[in-house]
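Trainee: With the sequence up front, the predicted model follows.
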Amino acid sequence: MIEVKNLHKSFGDAHILKGINTAFEKGKTNLIIGQSGSGKTVFLKCLLGLFNYEQGSIAYDGKIFSKLSEDEKRDIRAQIGMVFQGSALFDSMTIEENVMFPLKMFTKQSKSEMQDRVDFVLKRVNLADAHKKMPSEASGGMQKRVAIARAIVNKPKYLFCDEPNSGLDPKTSIVIDDLIKEITEEYQITTVINSHDMNSVMQIGEKIVFLKNGYKEWEGSRYDIFKTDNKAVTDFVYSSELFKKVRQMYLEERG
Amino acid sequence: MLYLHYLGTYFLMIAEMFKKPTKWSVMKQLILKEIDDLIIGSLGIVAFISFFVGGVVTIQTALNIDNPLIPKNLVGFATRQSIILEFAPTFMSIIMAGKVGSFITSSIGTMRVTEQIDALEVMGINSLNYLVFPKFISLMLYPFVISISMFLGILGGLAACVYGGYASMGDYIEGVQLDFTPFHMAYAFIKTLIFAFILATVPSYHGYYMKGGALEVGKASTTSFVWTSVVIIVLNYLLTQLLLS
Ligand SMILES: Nc1ncnc2c1ncn2[C@@H]1O[C@H](COP(=O)(O)OP(=O)(O)OP(=O)(O)O)[C@@H](O)[C@H]1O
Ligand SMILES: [Mg+2]
């Protein structure tokens, strides 16, 4: 469980986050949606402690992050898996070494145990035969999937994904979404995903937070999003004809 | 004021580098890799430059003391002094600031702009220890590089001296052994170790704290080279004043 209270963040004069209050529950897939430039990445980086913020507090399972000692912070961070928007793979290591890295750093597993785990997660992201490639030799979508594999390999307690399926084809996208939802439930992870992919919203959005102009404009589940009359949300979510139709059908079905 | 801030950040970086050490099994690999990149990878260029500059120093000296009253062994003596005292420790370090320094800045800088450093930090890894400490340790082998530079510089001098017919091999070798002051060796290696520390940390600082994208990585490498050279030259002056006068 992660609780965010009154979070403010600016870069110089640009006030990006203007007091966000929300909470992300364990075992659920939490989505943050909003237009490009609305501050999703900044919000996520504040959660991770990569950005300092002027005001507000962030609590990990009741512990206020900014008040922890450096050691306690690192303990929490060792349980965090993060997928960066640009993948952020270590380019001096092969794909396999990238995925193995958190295991090497934080576990005492033997080489073969680590290898088994790496094989297993690489298979789950559909990369069973890319072990020895360097990140620079992989396509953008492959890099994304390696980043996801690296984030989940050590069974994190908190999982953050910044647009995990941008750059993936629809089919792989669904595989990744399902994978994230599955492991979130299986290991009771607190998962926070940035997305502007409406497929993901409909498929896995158990809690959706909509950011606009630095404020939390709306929050609710994927079922609520069909029913809401919040104009900002409907304008954003139902900007495509396809989703307009889906919504219409859903509402007609329900009467 | 701003420079004071930079200086403060630099020293904080050095302190941070020793905290929260990375697992030894991982660190060992990192150190070996850095030794390969920074030390072994520099030997070729160091050997090449030292040998030929040693030769040139000898030729210049021989041509400038073309007086029958001055003993022939002075050529070897002068070459030895300039190579051991200044050329190998100081000027080789400036060349290394270009080779090793810009490599360090651009590799750390690239990791900064592609968020790889953030990825390390998010995992709870002390990224300064992970990235800078192995470079610092491997550059503790830098005196070894400089010894090779000294040896080859003097050897290059010998070759040029005999080949050009300025003095006999015997005279040259006698000159090299003339009036040897062991403290000069100590002075040279004290300098070398301090320059090694500068070579590891100043370029790392410029890479680690850079902001921006790929273009800025290039700029940071240039700035890093300028500052590393400036710091080496200033410290060289201070150390020489302190140790030799
Ligand atoms: N390091 C930074 N320095 C200054 N401004 C920044 C920085 N990072 C982000 N911003 C600004 O903050 C705003 C929000 O950016 P952010 O990256 O969070 O958007 P986003 O919602 O993630 O967009 P996208 O969907 O395109 O990834 C933008 O206006 C951006 O210019
Ligand atoms: Mg973003």
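Mentor: In hand now; what should we look at? Ligands and ions are numbered 1, 2, ... in the order given.

Trainee: which residue sits closest to the residue in chain B that ligand 2 sits nearest to in space, ignoring its chain neighbours?
Mentor: Nearest residue of chain B to ligand 2: residue B:115, at 11.5 Å (Cβ to the ion). Every C-beta, even on glycine, is put in place using the N, C-alpha and C of the backbone. Spatial nearest neighbour of residue B:115, chain neighbours left out: residue A:88 (4.0 Å); criterion: Cβ to Cβ, 6 or more residues apart in numbering or on different chains.

Trainee: cool, and residue A:218?
Mentor: Computed as Cβ to Cβ, 6+ apart, the closest residue to residue A:218 that is not its neighbour in sequence is residue A:210, at 4.3 Å.

Trainee: What mean pLDDT does whatever helix or strand that neighbour lives in get?
Mentor: Per DSSP states H and E, residue A:210 falls inside strand A:207-212. For strand A:207-212, mean pLDDT rounds to 93.

Trainee: Direction included, what does that strand pair against?
Mentor: strand A:29-33 (parallel), strand A:215-220 (antiparallel) (DSSP bridges).

Trainee: Which of these comes out lowest on mean pLDDT?
Mentor: strand A:215-220 (a mean of 91).

Trainee: Enumerate the positions of it that are buried.
Mentor: Of all the residues in strand A:215-220, those buried under the rule 16 or more other Cβ atoms under 10 Å in any protein chain shown are A:216-220.

Trainee: Distance to ligand 2 added to these, as CSV?
Mentor: Formatted as CSV, these follow (distance: Cβ to the ion, whole Å):
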residue, distance to ligand 2
A:216, 17
A:217, 17
A:218, 19
A:219, 19
A:220, 22
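
Trainee: Confirm that residue A:191 sits in a helix.
Mentor: No. Looking at residue A:191 with DSSP: H, G, I helix; E, B strand; the rest coil, it is strand, so not inside a helix.

Trainee: hang on, the earlier thing: who touches the residue nearest to residue A:218 in this structure?
Mentor: If you count contacts by Cβ atoms under 8 Å, 6 or more residues apart in numbering or on different chains, residue A:210 has them with A:33-34, A:216-219, A:230, A:232-233, A:236.

Trainee: Looking at those, which is nearest chain B?
Mentor: For the contacts of residue A:210, the closest approach to chain B (Cβ to the nearest Cβ) belongs to residue A:34, at 20.4 Å.

Trainee: quick one: contacts for residue A:82?
Mentor: Residue A:82 neighbours (Cβ under 8 Å, 6+ apart): A:48, A:151, A:159-162, B:119, B:122-123.

Trainee: Which pLDDT does the model give the residue in chain A that chain B sits nearest to?
Mentor: The minimum distance from chain A to chain B, using Cβ to the nearest Cβ, falls at residue A:77 (3.2 Å). Per-residue pLDDT puts residue A:77 at 90.

Trainee: before we move on, what about residue A:255?
Mentor: 66.

Trainee: again with residue A:204
Mentor: 89.

Trainee: what do you get for residue A:166?
Mentor: What the model reports as pLDDT for residue A:166 is 83.

Trainee: Assumed it was part of a helix.
Mentor: No. Counting by three-state DSSP, residue A:166 falls outside a helix, being coil.

Trainee: Tell me which stretches of chain B form helices.
Mentor: All helices of chain B, identified by DSSP state H, fall at B:2-17, B:24-34, B:41-64, B:74-82, B:92-96, B:102-113, B:116-122, B:127-131, B:133-138, B:142-164, B:169-177, B:182-208, B:214-244.

Trainee: so the last one versus helix B:102-113, what angle?
Mentor: The one in question is helix B:214-244. Between helix B:214-244 and helix B:102-113, the angle comes out at 140 degrees (axes from the mean of the first three to the mean of the last three Cα atoms, to 10 degrees).

Trainee: now helix B:214-244, how far from the centre of its chain.
Mentor: 11 Å (Cα atoms, centre = their mean, to the nearest Å).

Trainee: Buried residues, that helix. List them.
Mentor: Within helix B:214-244, the residues that count as buried by 16+ other Cβ under 10 Å are B:217, B:220-221, B:224-225, B:227-229, B:231-232, B:235-236, B:239.

Trainee: which residue packs closest to the residue of chain A closest to chain B, ignoring adjacent ones?
Mentor: In space, residue A:77 comes closest to residue B:124 once its chain neighbours are excluded; the distance is 3.2 Å by Cβ to Cβ, 6+ apart.
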